[in-house]
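In: fold the stuff below for me.
(chains A and B)
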Amino acid sequence: MPWFEDIEIGTRTELGTYTFTEEEIVAFAKKYDPQYFHTDPEAAKNGPFGGLTASGWHTTATWMKMMIRARAGREEPADADGRKPPAGGPSPGFLDLKWPAPVRPGDRISYSSTVSEKLDMRSRPDWGIVRSHNVGVNQNGETVLTFTGQGLVQRRNPAK
Amino acid sequence: MTTPKYFWEDFPVGETVEFGEKHVTKEEILEFASEFDPQPFHLDEEAAKQSILGGLCASGWHSCAMLMRMMCDGYILESASMGAPGVDEVRWKKPVYVDDVLRVRRTCVEARASKSRPDMGLTKFRIEMLNQKDEVVLTSIGWAMYGRRHPGAPAGEAS
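Out: Residues are numbered from 1 along each chain as shown, chains lettered A, B, ... in the order given. Next up is the predicted model:
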């Protein structure tokens, strides 16, 4: 991760594209969200979405997967004094999560993340909160996921 | 599909119910994190101890997934669920550690009939996920859609 001070509002990161297979959709749903329209391709035809769809939590967890993958592929430079850049911190939660269109088998979802806000943490002067606007779009240009994410990021110099 | 036990009318505003008993294992924390959230505090006990979270703990997205499973087993699979448009807010208030035992407290805070679909109603639940120490580890608030037992009946006339 970059230091909190080096993160700029408006910076957009493309996280890459993920193809959802029927096998993965069903396997995730059987563990965590076993509603028939996520687990049974035949029964799902008569369900609310007219076919099998991924659990919204699967779509969202895959955003995280792509975020970590993108972060791992990006080497942050050390400071001039040799201090290494920080690891990513935990998150206090998220806001305004929407699943505006379903994700179906074979869909290719392209994820992105744009820095939207930076907040001080009164209780932890060594850390700040970075908010991001996150989006998943399918191969037809339809948005399937939006939410405001939050992450704790270490500061190079503690806030005064 | 058998006839659902719970329709939109069966979630009265103001009602609070508790359900679920989920034992969180190290294996499943590692399994979920390896696939979706491979950060040291979800994968490595030593690194987790040194981190701000103080010990190996579940990915927040795993907590959401475990909550969803408890809600499915608690009532959704027996309901006329029609999915959810999203979630207004989730707060990960405390880490979920290995061997925690989780349960769900669900309060119905608002309900309205769908204007466009007479067979559907919307319900807003405030959800708390608690651990064995009665600490709230996660809160969530959001709308979900359910089929109505009596389609088209005027909103609020639950029977």
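In: next secondary structure after the longest helix seen in chain B?
Out: In chain B, assigned by DSSP state H, the helix with the most residues is helix B:60-74. Of the helices and strands lying after helix B:60-74 in sequence (DSSP states H and E), the nearest is strand B:86-92.
In: helix or strand: which one has residue A:69?
Out: helix A:56-72.
In: so what's the nearest residue to residue B:114 once chain neighbours are set aside up against?
Out: The shortest distance from residue B:114 to any non-neighbouring residue, by CB to CB, 6 or more residues apart in numbering or on different chains, is to residue B:120 (4.2 Å). No exception for glycine: its C-beta is placed from N, CA and C like everyone else's. Neighbouring residues of residue B:120 by CB atoms under 8 Å, 6 or more residues apart in numbering or on different chains: B:8, B:82, B:113, B:114, B:145, B:146, B:147, B:148.
In: let's verify residue B:28: helix, strand, or coil?
Out: Classification of residue B:28 by DSSP: H, G, I helix; E, B strand; the rest coil places it in helix.
In: check what pLDDT it gets.
Out: At residue B:28, the pLDDT value in this model is 97.
In: now swap in the one 5 residues further on and tell me
Out: pLDDT, the model's per-residue confidence, is 98 for residue B:33.
In: just to check, it is in contact with residue B:44?
Out: No: contact criterion CB atoms under 8 Å: residue B:33 and residue B:44 do not qualify, at 9.7 Å.
In: between those two, which is the more surrounded one?
Out: residue B:33 (24 against 16; other CB atoms under 10 Å in any protein chain shown).
In: need the three-state assignment for that one.
Out: From three-state DSSP, the assignment for residue B:33 is helix.
In: look up how far residue B:59 lies from it.
Out: Look at residue B:33 and residue B:59: by CB to CB, to the nearest Å, they are 5 Å apart.
In: with residue B:38 instead?
Out: For residue B:38 relative to residue B:59 (CB to CB), the value is 9 Å.
In: who's in contact with the residue lying closest to residue B:80 once chain neighbours are set aside?
Out: Residue nearest to residue B:80 in three dimensions, not counting chain neighbours: residue B:147, with 3.2 Å by CB to CB, 6+ apart. Counting by CB under 8 Å, 6+ apart, residue B:147 makes contact with B:4, B:7, B:8, B:80, B:81, B:82, B:119, B:120, B:121.
In: what's the neighbour count on the second one?
Out: Read it as residue B:7. 18.
In: and the pLDDT for the closest residue to it other than its chain neighbours?
Out: Leaving aside its sequence neighbours, residue B:7 sits nearest to residue B:149 (CB to CB, 6+ apart; 3.9 Å). Per-residue pLDDT puts residue B:149 at 94.
In: ok, now the one 10 residues further on?
Out: Reported pLDDT at residue B:159 in the predicted model: 44.
In: skipping adjacent residues, who's closest to residue A:121 in space?
Out: Of all residues not flanking residue A:121 in the chain, residue A:127 sits nearest, at 5.2 Å (CB to CB, 6+ apart).
In: same deal with residue B:128?
Out: Nearest residue to residue B:128, sequence neighbours excluded (CB to CB, 6+ apart): residue B:105, at 4.4 Å.
In: how about the contacts made by the one you found?
Out: Neighbour list for residue B:105: B:16, B:17, B:18, B:127, B:128, B:129, B:130 [criterion: CB under 8 Å, 6+ apart].
In: at 10 Å what do you get?
Out: B:16, B:17, B:18, B:19, B:20, B:126, B:127, B:128, B:129, B:130, B:136, B:139 (CB atoms under 10 Å, 6 or more residues apart in numbering or on different chains).
In: a helix runs through the fifth one, doesn't it?
Out: No: under the criterion used here (three-state DSSP), residue B:20 is strand, not part of a helix.
In: how many neighbouring residues does it have?
Out: 19.
In: measure it to residue B:86 for me?
Out: Separation of residue B:20 from residue B:86 (CB to CB) stands at 22 Å.
In: what of the second one?
Out: When distances are taken as CB to CB, residue B:17 and residue B:86 turn out to be 23 Å apart.
In: so the two - more neighbours on which side?
Out: residue B:86 (17 against 12).
In: for burial, what's the neighbour tally of residue A:36?
Out: A total of 17 residues lie near residue A:36 under the criterion other CB under 10 Å.
In: skip the chain neighbours and tell me the closest residue to it.
Out: Per CB to CB, 6+ apart, closest to residue A:36 is residue A:43, 4.6 Å.
In: for whichever strand or helix holds the one you found, which residues meet the burial criterion?
Out: Using DSSP H and E, residue A:43 sits in helix A:41-44. Of the residues in helix A:41-44, residue A:44 count as buried by neighbour count, 16 or more other CB atoms under 10 Å in any protein chain shown.
In: can you show me the strands along chain A?
Out: A:12-19, A:93-98, A:108-120, A:127-137, A:143-154 (DSSP state E).
In: now the ones you listed as CSV including mean pLDDT and mean neighbour count?
Out: What follows is those, written out as CSV (pLDDT from 0 to 100; neighbours: other CB atoms under 10 Å in any protein chain shown):
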stretch, mean pLDDT, mean neighbour count
strand A:12-19, 97, 15
strand A:93-98, 98, 18
strand A:108-120, 98, 17
strand A:127-137, 97, 21
strand A:143-154, 97, 20
